[in-house]
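Peer 1: here is my input; please provide its structure:
(one chain, ligands or ions: 1)
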Amino acid sequence: MTTNTTPAEDDASHDRTVPTTDGDRDGDPHTNPVASDARTAVETDVPSGASVHRCAYCDRPFAEESYLILHRGLAHADVLSETEREAFADAYAEEEADLGRFRIVALGLLVLLYFGFLFTFAVVT
Ligand SMILES: [Zn+2]
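Peer 2: Model prediction:
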């Protein structure tokens, strides 16, 4: 499901998609191929020269395949095939594990900073 652009498509301008979710939240969500969910209604941008992974449902560009897999699961969950659904579940679990590791490292750094200042204060005063 990865599609790389040809060199002709990698022109100097960035590959940019602006979500079209302004003020259409009252309508039927299935009429708009771009999901109106706030989690997916963000602008995506792929630097020129980088490989592009395009969503087959709404044509939005993504820099990494895992971003595309996560986008498909969040924005097009109702039309995914079984293999796409499994790929989303795997990518979601991996993202959750990464977030868990980040939280532990951030907490460790805060504790180090706290005790660093505390011992510095105890030695200086
Ligand atoms: Zn999409």
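
Peer 1: C-alpha only now, for contacts and for neighbours.
Peer 2: Fine.

Peer 1: do the longest helix along the chain and the ion come into contact?
Peer 2: When secondary structure is assigned using DSSP state H, the longest helix within the chain turns out to be helix 82-124. No. Using CA under 5 Å from the ion, we find that helix 82-124 stays clear of the ion, coming within 12.4 Å at best.

Peer 1: which neighbouring elements make contact with that helix?
Peer 2: helix 65-75 (3 or more CA pairs under 8 Å, 6 or more residues apart in numbering; DSSP states H and E).

Peer 1: and residue 59, that one's in a helix?
Peer 2: No. Going by DSSP: H, G, I helix; E, B strand; the rest coil, the assignment for residue 59 is coil, not a helix.

Peer 1: wait, residue 52 touches residue 61, no?
Peer 2: Yes. Residue 52 is within contact range of residue 61, at 6.0 Å (criterion: CA atoms under 8 Å).

Peer 1: which residue does the protein have closest to the ion?
Peer 2: Closest residue of the chain to the ion, CA to the ion: residue 58 (4.2 Å).

Peer 1: and that residue, its phi and psi?
Peer 2: Comment: the main-chain dihedrals of residue 58 come out as phi -130, psi 0, following degrees, to the nearest 10.
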